[in-house]
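K.L.:
Prediction below, plus the sequence it came from.
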Amino acid sequence: MSVAVSGSSPQIKYEGVVGGNVTFYCPVKHPEKLQFLYLQKGNDFVNGYYHTRDVPSPWSNTKMDHSNTAIRMYGLNLSHTGEYDCLYMYNDNTAEHMSVKLHLSITATFSKPKITKRCKDDDVPVGCYVTCTSHSGYPSQKITWQTEHGHSQMWKELNNSEVLSNPTTKMINVSSTGYMNCSSGEMMVTCSVGNISSVKISVCE
């Protein structure tokens with residue numbers, strides 16, 4: 001079931017995180033007079049009710065609160081991102097459909113970055129390669145490096161890349177590799193994704 005409504009209204013924005021919950025509130029002034037209230041995503045019925053007839057089955061991860069015309073959505077994933085419409089009409093014979101646009105943005109927190117090093121082996125005769133990885137975040141973020149003890153001029157970032165961790169979930173893994181030539185001795189290195197930092201390691205000790 002879907003309802004088409006002409007005209008547009010300001011968009012109400014919601015934010016959620018993967019695995020979390022969000023509650024959509026339809027700004028109904030007189031809930032006791034409602035004939036129907038639907039939440040739709042495109043032409044797909046999400047949840048709602050009609051006072052005098054049956055409605056399609058709601059999404060299994062949603063629940064309607066009739067007391068305050070709120071619809072709660074559980075177990076968010078990235079496919080839930082997008083624009084929704086809250087559609088309703090009062091039973092006072094005005095026959096006017098009200099429409100409110102809602103937009104849901106969803107993010108996923110990257111894992112704590114893991115930092116590893118590889119020094120002075122057959123492939124690295126002089127310095128150290130240091131690699132930082134972080135998994136299952138959204139949207140993409142670049143890894144940043146922090147160096148201590150005044151030898152940052154000896155540090156070189158070689159790459160900063162991303163890859164889809166799963167084509168279905170659309171979440172992203174990120175990685176970066178840096179190189180320290182060790183000519184100035186020991187340096188402490190950490191890496192970060194957003195405000196999440198790795199442990200601090202010693203390089204060229």
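P.N.:
Received the coordinates, thanks. Residues are numbered from 1 along each chain as shown.
K.L.:
Return the list of strands paired to the lowest-mean-pLDDT helix or strand in the chain, each annotated with direction.
P.N.:
Sorting the helices and strands of the chain by mean pLDDT, DSSP states H and E puts strand 155-164 at the bottom, at a mean of 84. With DSSP bridges as the test, strand 155-164 is paired with strand 172-180 (antiparallel).
K.L.:
out of everything not next to it in sequence, what's closest to residue 86?
P.N.:
Nearest residue to residue 86, sequence neighbours excluded (CB to CB, 6 or more residues apart in numbering): residue 26, at 3.9 Å. Where you see a C-beta, it was placed from the backbone N, CA and C, and this is true even at glycine.
K.L.:
Contacts only, for residue 165.
P.N.:
135, 136, 171, 172, 173 (CB atoms under 8 Å, 6 or more residues apart in numbering).
K.L.:
what's the burial count for the residue nearest to residue 86?
P.N.:
The number of residues packed near residue 26 is 22, by other CB atoms under 10 Å.
K.L.:
My guess is it contacts residue 85. True?
P.N.:
No: using CB atoms under 8 Å, residue 26 makes no contact with residue 85, being 9.8 Å away.
K.L.:
circling back to that earlier point, give the single residue among the contacts of residue 165 positioned nearest to residue 41.
P.N.:
Closest approach between these and residue 41, by CB to CB: residue 171, at 20.5 Å.
K.L.:
What is the burial count for residue 40?
P.N.:
Residue 40 has 20 neighbours, counted by other CB under 10 Å.
K.L.:
Return the backbone torsion pair for it.
P.N.:
Taking degrees, to the nearest 10, you get phi -120, psi 150 for the backbone angles of residue 40.
K.L.:
Against residue 146, how distant is residue 118?
P.N.:
Separation of residue 118 from residue 146 (CB to CB, to the nearest Å): 19 Å.
K.L.:
What confidence value was assigned to the spatially most central residue of the chain?
P.N.:
Most central in the chain under CA atoms, centre = their mean is residue 107, positioned 1.0 Å from the mean C-alpha point. Note for residue 107: predicted pLDDT of 95.
K.L.:
Go ahead and name everything in contact with the host helix or strand of it.
P.N.:
Per DSSP states H and E, residue 107 falls inside strand 98-107. Outside strand 98-107, the residues within contact range by CB under 8 Å, 6+ apart are 5, 7-18, 22, 24, 26-28, 39, 76-78, 80-89, 137-139.
K.L.:
Likewise for stretch 30-41?
P.N.:
Residues from elsewhere that reach stretch 30-41, judged by CB under 8 Å, 6+ apart: 1-3, 24, 26, 28, 45-52, 55, 62, 66-69, 71, 82-92, 102.
K.L.:
Looking at these, which are in strands?
P.N.:
Secondary structure from DSSP state E places 24, 45-50, 62, 71, 82-90, 102 of the contacts of stretch 30-41 in strands.
K.L.:
Mark which of those are buried, thanks.
P.N.:
24, 45-49, 62, 71, 84-90, 102 (16 or more other CB atoms under 10 Å).
K.L.:
Spatially, which two of these are the most separated?
P.N.:
Largest separation among these by CB to CB: 62 and 90, giving 23.1 Å.
K.L.:
follow-up on the earlier one: strand partners of the strand holding residue 107, parallel vs antiparallel please.
P.N.:
Paired with strand 98-107 in the same sheet, following DSSP bridges, are strand 11-17 (parallel), strand 82-90 (antiparallel).
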